[in-house]
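Q: Return a 3D structure for these sequence lines:
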Amino acid sequence: MRRFQARHGLTVDGVVRESTLKSLNVPAEARLNQLRTNVVRLRAFSGTLGPRFVMANIPAAWIEAVENGVAVSRHTAVAGKPDRPSPDIQSRIVEINFNPFWTVPVSIVRKDLIPKMQASRTT
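A: Predicted coordinates for the structure are as follows:
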């Protein structure tokens, strides 16, 4: 169960809670459609990444550093929502900023934060 949860970006605790049960009950046809969609992405990456690369698993919200086919480091990531997904990119990394300056994008303020603040004010 823990392996299933990790592969599906769920909380890995070995307990079948609501989110795990929901993922377990995804119909085979839906999973097949996911595989068809993702095989296109995998083909785009095959053979072009080299021995060292960083891969972002957006659905699972984590990032892995891979060396010689082995994940040497995994970190939690922030990813977009289904209606505003994070973009797929492939790029050479030339610099890493461990403490970047970041401001909330206007789209997130308008679509997420303001509605939440307004909802909490009325309750």
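Q: and residue 118, how many neighbours does it have?
A: 9 (other CB atoms under 10 Å). For every residue, glycine as well, the C-beta is placed using N, CA and C.
Q: Using CSV, write down the CA coordinates of the lengthiest helix in the chain.
A: Looking only at the chain and at elements set by DSSP state H, the helix with the highest residue count is helix 28-45. Output in CSV follows, covering the C-alpha atoms of helix 28-45 (Å, rounded to 0.1, in the frame of the first residue of the first chain):
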residue,chain,number,x,y,z
ALA,A,28,-8.8,0.7,-15.8
GLU,A,29,-9.9,2.7,-18.9
ALA,A,30,-9.0,6.0,-17.1
ARG,A,31,-5.6,4.6,-16.1
LEU,A,32,-5.1,3.5,-19.7
ASN,A,33,-5.8,7.0,-21.0
GLN,A,34,-3.3,8.4,-18.5
LEU,A,35,-0.7,6.0,-19.8
ARG,A,36,-1.4,7.0,-23.4
THR,A,37,-1.0,10.6,-22.5
ASN,A,38,2.2,10.1,-20.5
VAL,A,39,3.9,7.8,-23.0
VAL,A,40,4.1,10.8,-25.4
ARG,A,41,5.9,12.8,-22.7
LEU,A,42,8.3,9.9,-21.9
ARG,A,43,9.2,9.5,-25.6
ALA,A,44,10.1,13.2,-25.7
PHE,A,45,12.6,12.6,-22.9
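Q: Residues contacting that helix from elsewhere in the structure, which ones?
A: Around helix 28-45, the neighbours that count as contacts under CB atoms under 8 Å, 6 or more residues apart in numbering are 88, 90.
Q: Next: stretch 77-95.
A: With CB under 8 Å, 6+ apart as the test, stretch 77-95 has contacts from 41, 44-45, 48, 54, 56-59, 61-63, 107, 111.
Q: Those: which two are farthest apart?
A: For the contacts of stretch 77-95, with distances taken as CB to CB, the pair at the greatest spread is 48 and 111 (34.6 Å).
Q: higher neighbour count, the two?
A: Neighbour count, other CB under 10 Å: between residue 48 and residue 111, residue 111 has more, with 13 against 8.
Q: Perfect, that will be all.
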